[in-house]
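>>> Return atomic coordinates for the entry below.
(one chain, ligands or ions: 1)
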Amino acid sequence: MFILKGCSVQVIATAVFFIFGRTNKKLMLMKLLDGKVTLITGGARGIGKALAIRFAEEGSLIAISDLRDDEQMQATVDEIAALGVKVKGYASNAASYEDSELLAETVIKDFGRIDVLINNAGITRDNLLMRMSEEDWDAVLSVNLKSVFNLTKAVQRTMLKQKSGSIINMSSVVGVNGNAGQSNYAASKAGMIGFTKSIAQELGSRSVRCNAIAPGFIETEMTHKLPDDVRQQWVSTIPLRRSGKPEDVANVAVFLASELSQYVTGQVISVCGGMST
Ligand SMILES: NC(=O)c1ccc[n+]([C@@H]2O[C@H](COP(=O)([O-])OP(=O)(O)OC[C@H]3O[C@@H](n4cnc5c(N)ncnc54)[C@H](OP(=O)(O)O)[C@@H]3O)[C@@H](O)[C@H]2O)c1
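You can find the predicted model right below:
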């Protein structure tokens with residue numbers, strides 16, 4: 001009887017260990033963004049591409065938009081598809097209200113929902129105010145700031161219905177601190193921060209969160225345009241003494257998109273090696 005009892009205790013213990021062991025293993029295998037649908041504007045290259053790849057590695061389904069559906073877009077789509085997640089690329093001008101409405105509609109048709117929107121598309125047209133044309137002012141404000149209005153408005157109904165969503169706006173340390181020669185860019189990026197904080201207040205009651213990331217000096221084609229001496233000078237002022245990588249930004253975006261940040265909204269997180277304090 002004792003042996004029998006001992007046996008059954010052992011059997012039960014083994015069964016419990018087996019069931020919970022498997023559940024734990026399953027939990028451990030779950031990725032941070034499993035099954036979420038993420039829409040990233042300007043996703044064919046630079047930071048947008050790094051975000052798309054990192055999100056795919058965490059199990060997210062990916063929709064990327066860019067001005068053109070060209071070889072670059074196709075290469076990014078292929079790279080993401082190789083990670084085994086559903087991915088689609090869309091040619092869409094984020095500065096256009098009509099394009100943005102159509103983009104959101106098409107993504108919802110193709111994927112069924114949108115859990116994460118990353119407003120990443122951006123341009124620079126740097127000059128001192130004295131030499132800045134009205135055209136350069138308008139172009140930067142419309143691609144960097146109006147696009148955020150366009151896309152956020154286009155996805156908000158879906159996220160409100162879902163009673164969940166994370167909107168991430170790619171601002172800049174320049175939007176926090178200003179920068180000589182970039183008044184148009186700085187104004188657009190500062191505008192994004194005001195927008196982010198307002199939308200966090202408007203949509204928070206339905207568990208839709210809105211945060212901004214303020215990258216510092218990140219190595220992409222945007223920063224490669226700068227002369228070498230200017231780049232070196234920037235790097236020498238960064239406490240961590242290196243420029244950032246697109247992946248540094250992508251890791252923070254994963255946090256903001258995932259349940260790890262479910263009590264975080266209306267915030268600006270700098271990813272800048274300590275440049276902005
Ligand atoms: N790199 C940095 O150091 C840094 C620092 C702070 C903030 N940021 C911000 O981070 C974001 C990404 O920067 P990045 O360095 O990756 O820039 P990037 O390499 O120049 O890439 C920008 C992407 O946005 C796309 N794009 C431009 N205009 C668009 C439009 N109207 N509609 C849709 N897509 C458009 C571009 O498409 P095309 O290929 O067709 O041009 C490109 O794929 C930007 O918002 C930027 O302001 C960057």
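
>>> list the contacts for A253?
With contact taken as CB atoms under 8 Å, 6 or more residues apart in numbering, A253 is in contact with L51, R54, F55, I118, I168, I213. All C-beta spots, glycine's among them, are computed from the backbone N, C-alpha and C.

>>> ok, the first one - how many residues close by?
As a burial measure, L51 scores 32 neighbours (other CB atoms under 10 Å).

>>> That one - nearest residue in space that isn't next to it in sequence?
With sequence-adjacent residues excluded and distances taken as CB to CB, 6 or more residues apart in numbering, L51 is closest to A250, at 4.8 Å.

>>> Near that neighbour, how many other residues are there?
Taking other CB under 10 Å as the criterion, the count of residues near A250 is 23.

>>> what about A104, which SS state?
The assignment at A104 comes out as helix when based on DSSP: H, G, I helix; E, B strand; the rest coil.

>>> Tell me the pLDDT of the residue lying closest to it once chain neighbours are set aside.
When the adjacent residues along the chain are set aside, A104 lies closest to A154, with 3.6 Å between them (CB to CB, 6+ apart). The confidence metric pLDDT takes the value 98 at A154.

>>> Just give the number of residues close to A154.
Applying the criterion other CB under 10 Å, we find 22 residues in the vicinity of A154.

>>> Return the backbone torsion pair for it.
With angles defined as degrees, to the nearest 10, A154 sits at phi -70, psi -30.

>>> can you tell me how far it sits from the ligand?
Here the distance between A154 and the ligand works out to 13 Å (CB to the nearest ligand atom, to the nearest Å).

>>> same thing with V143?
When V143 is compared with the ligand (using CB to the nearest ligand atom), they lie 4 Å apart.

>>> give the contact list for that residue.
With CB under 8 Å, 6+ apart as the criterion, the residues that contact V143 are A94, A95, A121, G122, I123.

>>> just A121 next, same as before
Applying CB under 8 Å, 6+ apart, the residues near A121 are T41, G42, G48, S65, D66, A94, A95, V143, N144, S147.

>>> can you tell me which of these are in helices?
Counting by DSSP state H, the part of the contacts of A121 found in helices is G48, S147.

>>> What segments of the stretch 51-200 of the chain are strands?
Under the criterion DSSP state E, counting those that start in this stretch, strands of the stretch 51-200 of the chain are mapped to 61-66, 87-91, 116-119, 165-170.

>>> So is the shortest one next to the ligand?
The one in question is strand 116-119. No: remark: strand 116-119 sits outside contact range of the ligand, by CB under 6 Å from any ligand atom, the gap being at least 7.9 Å.

>>> quick check, distance from that strand to the centre of its chain.
With CA atoms, centre = their mean, to the nearest Å as the basis, the distance from the averaged C-alpha position of strand 116-119 to the chain average is 5 Å.

>>> Indicate each strand paired with that strand and its parallel or antiparallel sense.
strand 37-41 (parallel), strand 165-170 (parallel) (DSSP bridges).

>>> what's the closest of the ones you listed to E135?
Shortest separation from E135 across the strands paired with strand 116-119 is recorded for strand 37-41, at 21.9 Å, computed as CB to CB.

>>> residues in contact with the closest one?
Strand 37-41 has contacts (CB under 8 Å, 6+ apart) with 48, 51-52, 55, 60-66, 92, 94, 103-104, 107, 111-121, 147, 151, 155, 257.

>>> Let's see that with 7 Å instead.
The contact list for strand 37-41, computed with CB atoms under 7 Å, 6 or more residues apart in numbering, reads 48, 51-52, 55, 60-65, 94, 107, 111, 113-121, 147, 151, 257.

>>> Equivalent analysis for stretch 64-79, please.
Taking CB under 7 Å, 6+ apart as the rule, stretch 64-79 contacts 40-45, 48-49, 52-53, 87, 89-94, 103.

>>> let's see it at 10 Å
Defining contact as CB atoms under 10 Å, 6 or more residues apart in numbering, one finds that stretch 64-79 is touched by 38-45, 48-49, 51-53, 55-56, 62, 80, 87-95, 99-100, 103-104, 106-107, 118, 120-121, 143, 151.

>>> Equivalent analysis for stretch 231-251, please.
Contacts made with stretch 231-251 from outside it, assessed by CB under 10 Å, 6+ apart, are listed as 45-55, 57-58, 118, 120, 170, 213-220, 223-227, 269, 271-275, 277.
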